[in-house]
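J.: A structural model of the following input is requested.
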Amino acid sequence: MELISATQALSDACARLAAQPFVTVDTEFMRETTYYPKLCLIQMAGPDGFACLVDPLAKDLDLQPFFGLMADESTVKVFHSARQDLEIIWLLGGLLPHPFFDTQVAAMVCGYGDSVSYEQLVNDVAKARIDKSSRFTDWSRRPLSEAQLAYALSDVTHLVTIYQVLAAELLSTDRGLWLDEEMAVLTSPETYQAEPAQAWRRLAGRMRKPREIAVLMEVAGWREAEAQSRNVPRGRILKDEAVIDIATAGPRSVEALGRLRTIPAGFERSRTGTEILAAVERGFARDLSQIALPERSRSRGGNGALVDLLKVLLKAVAEAEGVAPKIIATVDDLEALAEDDAADVAVLQGWRRSLFGDKALALKHGRMALSVERGRVTVRELP
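T.: Modelled structure (predicted):
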């Protein structure tokens, strides 16, 4: 089993795959020591039985034929749990695959559970088993063993069968449109643009005061920009716990920064410590009237019991419809709905509203009830 390492061989392989109705794709990468992922291997397969492995680390290999295939409108690009694969394609090629299909999302719509793994789908759908002995491979090392290459190739060969089965299920149940919203998020460039100014949102759930949010915005933004410019993981610059600690405490002096338990001894007097204190000052200079607490930081009042009931309803509806609860509604959706009938959430729009949202509103206002019959939760309308 050989790796494609020449541009002409890659071009020939992509031309063959472009003639197929769909191509399954996977990538292997490393990012333990970097901010940006390092592409180490590309795997592709088609329904005609052709499959190949591409070595992006090969000297002078031009990946343009691969990017051309990803943009080919006549061939569906099939991934499993595609977000990180699409991120690296976007970063290196400046494009996102289209048409596109994610089997993990499709499996949720088809009732295989929340965030179902590739291994589970191989077992349940392709009726096969994966040899996992090579799953902890350092894909940046060369040469790769035959066992490692075979393991990598199995990530796309079984995916051919999985896609065919799931696509047929979606067609028979008329649920293809249910995928559109999820696919739209995955194929939006905004999903992969890590703007330092937005870095605070990932950590804001624990913040309770506008001043904390203001400092968090500046410190998290500084850390993100620093990690990007140095191409190192965020945690190498400053760990999440330290960012949260700084935002909560708001240290405005070297001594105050040094007293934080998450700050290593002497760190406060380094160049980085000086930059952190400058970021804190920028946070204190922000206009607090322009700072809005994130949804998770707002009190939901006395809606806890109602949210719990909505969770039970969600599970009952999901089981009855044969679809994963996660793709219908999130906990945030349920909390927002419990607080506001007109909340701007996905569960009150489109197919989600007809499937679950209207029932949730009916339960909230006493027009629907939950009961247990023969050990199962059932939903019934009240007269």
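
J.: buried ones in stretch 16-35?
T.: Across stretch 16-35, burial judged by 16 or more other CB atoms under 10 Å covers 16-17, 20, 22-29, 35. Every C-beta, even on glycine, is put in place using the N, C-alpha and C of the backbone.

J.: of the residues you listed, which belong to helices?
T.: Residues of these located in helices (DSSP state H): 16-17.

J.: got the domain ranges for the protein?
T.: Here the domain parsing of the chain from automatic domain parsing is 7-192, 196-295, 299-381.

J.: and the ones you listed as JSON lines, adding distance to M1 and mean pLDDT?
T.: Converted to JSON lines, the domains of the chain look like this (distance: least, CB to CB, whole Å; pLDDT from 0 to 100):
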{"stretch": "domain 7-192", "distance to M1": "5", "mean pLDDT": "95"}
{"stretch": "domain 196-295", "distance to M1": "32", "mean pLDDT": "94"}
{"stretch": "domain 299-381", "distance to M1": "36", "mean pLDDT": "91"}
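
J.: name the nearest of the buried residues of stretch 16-35 relative to I162.
T.: Checking those against I162 by CB to CB gives T24 as the nearest, at 8.4 Å.

J.: okay, and the beta partners of that closest one?
T.: According to DSSP bridges, the residues that bridge with T24 are A45, V78.

J.: contacting residues for it?
T.: The contact partners of T24, taken as CB atoms under 8 Å, 6 or more residues apart in numbering, are 44-46, 78-79, 156-157, 159-160, 163.

J.: if we go to 6 Å?
T.: By CB atoms under 6 Å, 6 or more residues apart in numbering, the contact set of T24 is 45, 78, 156, 159-160.

J.: now swap in A279 and tell me
T.: So A279 contacts 218-219, 222 (CB under 6 Å, 6+ apart).

J.: the stretch 251-383 of the chain: helices as residue ranges?
T.: According to DSSP state H, counting those that start in this stretch, the stretch 251-383 of the chain carries its helices in the segments 254-258, 271-285, 304-321, 325-328, 331-339, 350-352, 358-364.

J.: what's the angle from the longest one to helix 331-339?
T.: If I follow you right, that is helix 304-321. Calculated by axes from the mean of the first three to the mean of the last three CA atoms, to 10 degrees, helix 304-321 forms an angle of 120 degrees with helix 331-339.

J.: starting at the chain centroid, how far to helix 304-321?
T.: 24 Å (CA atoms, centre = their mean, to the nearest Å).

J.: which parts of it are buried?
T.: Buried-residue list, helix 304-321, by 16+ other CB under 10 Å: 306-307, 309-310, 313-314, 316-318.

J.: max pairwise distance over those residues: which two?
T.: With distances taken as CB to CB, the most widely separated pair in these is L306 and A318, at 18.5 Å.

J.: how far away is the spatially closest residue to W90 that is not a sequence neighbour from A346?
T.: Nearest residue to W90, sequence neighbours excluded (CB to CB, 6 or more residues apart in numbering): Y192, at 4.5 Å. For Y192, the distance to A346 equals 21 Å [CB to CB, to the nearest Å].

J.: could you do L309 as well?
T.: Taken as CB to CB, the span from L309 to A346 is 20 Å.
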